[in-house]
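**Student:** okay, predicted coordinates and the sequence, questions at the end:
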Amino acid sequence: MTTEAQIEKRLLETLSKLKYTYRPDIRDGDALIQNFKEKFEALNRVHLSNAEFDRLMEKIINPDVFAAAKNLRERETFIRDDGTPLQYTLVNIKDWCKNDFEVINQLRINTRNSHHRFDVILLFNGIPVVQIELKSLEVNPRKAMQQIVDYKSDPGNGYGNTLLCFMQLFIVSNQTNTYYFANNTNKHFVFNADEQFLPVYQFANENNQKITHLDDFAEKFLTKCTISQMISRYMVLVASEQKLLVMRPYQIYAVKAIVDCIHQNRGNGYIWHTTGSGKTLTSFKTATLLKDNPDIEKCLFVVDRKDLDRQTREEFNKFQEGSVEENTNTHTLVRRLLSEDYADKVIVTTIQKLGLALDEKSENNKKRKKDGKQTYKEQLEPLRNKRMVFIFDECHRSQFGDNHKAIKNFFPKAQLFGFTGTPIFDHNASYTQIDGTEGSYKTTEDIFEKQLHAYTITHAIDDRNVLRFHIDYFKGEGSVKPQSGEFVTQKGVVEAILSKHDAATHERRFNAILATASIDKAIEYYRLFQEMQAQRLAENPDFRPLNVACVFSPPAEGNKDVKQIQEDLPQEKYDNEKEPNLKKEALKAILDDYNRQYKTNHTINEFDLYYQDVQQRIKDQKYSNADYPHHNKIDVIIVVDMLLTGFDSKYLNTLYVDKNLKYHGLIQAFSRTNRILNDSKPYGNILDFRQQQDAVDEAIALFSGEGISQAKEIWLVDPATVVIDKYKNAVAELETYMQSQGLACLPQEVNNLKGDMARSEFINRFKEIQRLKTQIDQYTDIDETQQQSIAELLPEDDLRAFRGMYLETAKSLKTKQEKEGFEASPEIQQLDFEFVLFASAIIDYDYIMGLISRYTQSTKQTMSREQLVSLLCSSANLIDERDDIIAYINSLEVGKGLNENEIKTGYQQFKNQKAHQAQVAIAQKHGLEAQSLIDFVARILDRMIFDGEQLTDLLAPLELGWKARRLKEIALMEDLVPFLKHTAQGREIAGLATYE
């Protein structure tokens, strides 16, 4: 078996062959600093006194990862002892390939709280820029990722107060599997946290073939110029979020392809990168690299409607503040095109504004001519023979050909590039228009000549950059016959959604779009939801209605904003021409309901603000109901054309389809559901009420970029029967394991497992059961027989109790792992805890308080005390409050009915009293005045900062000598730390870690 030490030795040999200088003498912080001093002085042609160097170190070392990353890339000024300024850089930022490249290993940064050792570090001009953590073959590299995250969260880790603050990239490998990811502030540097994954990537070649073996990876990725380009060109510092992003391989190849095409003046081209693959970041990086190209006059990023214009501008400005201004109208666009200001070199605009500027027959141009002013086209004449770059995002509507022709005619030296997730081929170029006549799109090749790079949805699903799909082709039941064009009646669709929505969305953890065929149908769906939910609520007071909203564009009536929006909404534009007043009145009524529900004041005249609010509420599903109550969210949004392209939310996982979709339209709509989040979202869910399997198969064949059989296998999840069989095997394996330990497969027997190894094995086995159950629970096409067989495998009460045992066991092992660090047993070291799989949107604070209220009212009692406690123990949502809630339940009398508000008030009083008693007990134990300790704790929790000086003040009345006071501090904190952590409920108290 190849050991970690052997893998490290081999990597060092490879790096030496790549001309890195191996420095076995740099093994501690002092040697690292001395080496940096020598490199800094050589690069900047200066000699610093010791005092000057100390001041320089004080200036450059910054615990803020984002600030340090900026400093690494910029020229700075340092005032020397004699008052003269020194202009310096930390590395050669003009030509990164010409830096001094060294490699060190087993560096130990010794601080008061930490003795971490780092496997391999790459130094650029003496600065640690890339850290490589290695594991032996049998260990998943994921453990190395977790190790880095844990190191960074430890106090005194060296990343905040030494040269390690400049670390840009982390690489982890067990030789066969290698990954890279960017360093970040703690806020953005969490691994498998509650609502996100750490963005971790594997390297690949231009054909998207993975390069994962460490030897191959080093040869391709770690050559001096390649790694320099990764750091200097292919990382993005997101100013608005203070976050570092590193680009994925396919994004890098796309940027290179466009930049090379422009550099060599090789005409036009297009990038086929699937929806959800981060095209905005790729195009932004392309634009910023072109901004510094003196041969290019302007770079225009062109989108095809107002809301995408706003969205793209916001994204660009998120990457770099103020990089793109708003173009409120064609006049502003023309002014910015003619501006010589560097800030105006990159412009985001719509195809409509650009088309109007170049159209002599447009109303604005005709008016200007009439007024004796130059037309916009005449004003732009000085740019005619300049080199312009136009980057188009998803522009494939039929009239785009005319705009393309106008641009090419007016700017003969322009180069045009397109980004598309769904190219137009000959096969999907023709389409039936709303009025029944045939229309056709220009193909992508007609417009952009050649494909420069492809990264299809097949690649993205295979890479886990987007999710696979589960498609339920729903067949209608019942005696009511569908109307012409329907497969299931609208009432049948609503009934199906009401019965399946909680399962499809993982108990409303996510939300859904209902795509309808026309505005009239959308209005009818909205009415049916209101009527049928009111009926269910009357029949069952425990029924929880879905929050249903509806959005479609109003009749334009001369409103330019609405007209612009509708240019990409053909069905809505067509529908609004018939009985526009009825549509308008219906939308007003929908808006009135919306304003009542969400306490807003939207009007039809400012439709765009309403549309933006709808989009934000869909995204705000990310908050727990405790942070953002469910009544503020949208469960189902009814649409016609809107939101089916260009809209992204990780918290949308389901699409209900009651409209005909084909080719690129189908892929775009389906792709709203498949953004990666975490294991609680295993796939994008499609409920198709129109039986469109043939259309789906055709779309997969057209857009896969792979053979049809393999593509379907990659795109679509396993049928329910396959996952049920896997679940059955996982349950059988747990039974076999428990029996091998001499125990029955019962939840209470988990307590009798002996030793870390046995408990770790239970964690791994039950986690697999829960992962498969999470998948099964979100299938919408499981019949009653299958549901019964699933329930028989592990009855609900047993499953819930096992979840509770998992959470209890995982919590204690995680504490042990964190306390003992990597001195803990190997079994604990290698454990990955999946708390997110055990969290449910439904089991939140309000839900539990409601259940407790019903529990106290014997007439409405639906759960016994034991069932209530079991439910609470089985969810990760309230893990920090669980003991308090259970104690409160045990203190209540059944039959003494309390409403929900009384329960909440009583629980808060119970908690306060319990906390008061705990603090009094701690004070008495340590000889302190109780009120002083209570005030001390209140100040900590108010600011979420632990102040050591205030602790000294608290102990002052005891009049202890320094040694006795130190022992008293330690003894007090042993009792106080668990109390503070419990009361903070998972929130971090700054400065407390020192005492843990």
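**Tutor:** Received the coordinates, thanks. Numbers count the residues shown, from 1 in each chain.
**Student:** please enumerate the helices of the stretch 101-250 of the chain.
**Tutor:** Under the criterion DSSP state H, counting those that start in this stretch, helices of the stretch 101-250 of the chain are mapped to 142-153, 214-221, 224-232, 249-263.
**Student:** among these, which is nearest P719?
**Tutor:** P719 lies closest to helix 142-153 among those, at 28.7 Å (Cβ to Cβ). (Each C-beta comes from the backbone N, C-alpha and C, glycine too.)
**Student:** restrict that closest one to CA atoms and write it as CSV.
**Tutor:** Output of helix 142-153 as CSV, limited to C-alpha atoms (Å, rounded to 0.1, in the frame of the first residue of the first chain):
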residue,chain,number,x,y,z
ARG,A,142,-12.6,14.8,1.2
LYS,A,143,-10.9,14.3,4.5
ALA,A,144,-8.0,16.5,3.4
MET,A,145,-10.6,19.2,2.5
GLN,A,146,-12.2,18.9,5.9
GLN,A,147,-8.7,19.0,7.5
ILE,A,148,-7.9,22.3,5.8
VAL,A,149,-11.3,23.8,6.8
ASP,A,150,-10.7,22.6,10.4
TYR,A,151,-7.1,24.0,10.4
LYS,A,152,-8.4,27.4,9.3
SER,A,153,-11.1,27.6,12.0
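**Student:** pull the distance from that helix to the chain's centre.
**Tutor:** Centre-to-centre, helix 142-153 and its host chain are 19 Å apart (Cα atoms, centre = their mean, to the nearest Å).
**Student:** for that helix, packing partners?
**Tutor:** Judged by 3 or more Cβ pairs under 8 Å, 6 or more residues apart in numbering; DSSP states H and E, helix 142-153 is in contact with strand 127-134, strand 169-173.
**Student:** and the angle for it with strand 169-173?
**Tutor:** Between helix 142-153 and strand 169-173, the angle comes out at 140 degrees (axes from the mean of the first three to the mean of the last three Cα atoms, to 10 degrees).
**Student:** what mean pLDDT does helix 142-153 get?
**Tutor:** Averaged over helix 142-153, pLDDT sits at 78.
**Student:** what residues sit buried inside that helix?
**Tutor:** By neighbour count with 16 or more other Cβ atoms under 10 Å, helix 142-153 contains the buried residues 142-152.
**Student:** and stretch 560-577, by the same measure?
**Tutor:** Using 16+ other Cβ under 10 Å as the test for burial, stretch 560-577 gives 562, 564-573, 575-576.
**Student:** output it as PDB, nothing but the C-alphas.
**Tutor:** Provided in PDB are the C-alpha atoms of stretch 560-577 (Å, rounded to 0.1, in the frame of the first residue of the first chain):
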ATOM      1  CA  LYS A 560     -41.900  50.500 -23.300                       C
ATOM      2  CA  ASP A 561     -40.600  48.300 -20.500                       C
ATOM      3  CA  VAL A 562     -43.400  45.800 -20.800                       C
ATOM      4  CA  LYS A 563     -43.000  45.800 -24.600                       C
ATOM      5  CA  GLN A 564     -39.300  45.000 -24.200                       C
ATOM      6  CA  ILE A 565     -40.100  42.200 -21.800                       C
ATOM      7  CA  GLN A 566     -42.700  40.800 -24.100                       C
ATOM      8  CA  GLU A 567     -40.300  40.500 -27.100                       C
ATOM      9  CA  ASP A 568     -39.000  37.300 -25.500                       C
ATOM     10  CA  LEU A 569     -42.500  36.200 -24.300                       C
ATOM     11  CA  PRO A 570     -44.300  35.200 -27.500                       C
ATOM     12  CA  GLN A 571     -47.300  33.400 -25.800                       C
ATOM     13  CA  GLU A 572     -47.900  36.300 -23.400                       C
ATOM     14  CA  LYS A 573     -47.700  38.900 -26.100                       C
ATOM     15  CA  TYR A 574     -50.200  37.000 -28.300                       C
ATOM     16  CA  ASP A 575     -52.600  36.300 -25.300                       C
ATOM     17  CA  ASN A 576     -52.600  40.000 -24.300                       C
ATOM     18  CA  GLU A 577     -54.000  41.000 -27.700                       C
END
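**Student:** and the helix or strand E949 falls within, what does it pack onto?
**Tutor:** Element membership for E949 (DSSP states H and E) is helix 948-955. If you count contacts as 3+ Cβ pairs under 8 Å, 6+ apart, helix 948-955 packs onto helix 930-943, helix 962-984.
**Student:** so which of those helices comes closest to V91?
**Tutor:** Using Cβ to Cβ, the helices and strands packed on helix 948-955 put helix 930-943 closest to V91, at 38.6 Å.
**Student:** any residues touching that closest one, and which ones?
**Tutor:** Residues from elsewhere that reach helix 930-943, judged by Cβ atoms under 8 Å, 6 or more residues apart in numbering: 916, 919-920, 922-924, 946-947, 950-951, 954, 957, 976, 979-980, 983-984, 989.
**Student:** what's the local residue count around L222?
**Tutor:** Neighbourhood size, L222 [other Cβ atoms under 10 Å]: 23.
**Student:** switch the helices and strands packed on helix 948-955 over to TSV; also include mean pLDDT.
**Tutor:** Conversion of the helices and strands packed on helix 948-955 to TSV gives the following (pLDDT from 0 to 100):
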stretch	mean pLDDT
helix 930-943	85
helix 962-984	82
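**Student:** nearest to Y234, of the ones you listed?
**Tutor:** Proximity to Y234 (Cβ to Cβ) singles out helix 962-984 among those, at 39.1 Å.
**Student:** quick check: closest non-adjacent residue to K896.
**Tutor:** T856 (5.9 Å; Cβ to Cβ, 6 or more residues apart in numbering).
**Student:** so what's that neighbour up against?
**Tutor:** Applying Cβ under 8 Å, 6+ apart, the residues contacting T856 are 892-898, 903.
**Student:** one step back: please flag which of the buried residues of stretch 560-577 sit within helices.
**Tutor:** 562, 564-566, 570-573, 575 (DSSP state H).
**Student:** by pLDDT, give me the weakest of those.
**Tutor:** Minimum confidence in those sits at Q564, scoring 71.
**Student:** roughly how far apart are it and G665?
**Tutor:** When Cβ to Cβ, to the nearest Å is the yardstick, Q564 and G665 sit 20 Å from each other.
**Student:** repeat for D28
**Tutor:** Distance from D28 to G665, by Cβ to Cβ: 61 Å.
**Student:** quick one: which of the two has more around it?
**Tutor:** Neighbours were counted for D28 and for G665 using other Cβ under 10 Å; G665 has more, 19 against 13.
**Student:** name the nearest residue to the more buried one, sequence neighbours excluded.
**Tutor:** L644 (7.5 Å).
**Student:** about what we covered before: Produce a PyMOL select command limited to the buried residues of the contacts of T856.
**Tutor:** Those of the contacts of T856 that count as buried under 16+ other Cβ under 10 Å are selected in PyMOL with:
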select buried, resi 892+898+903
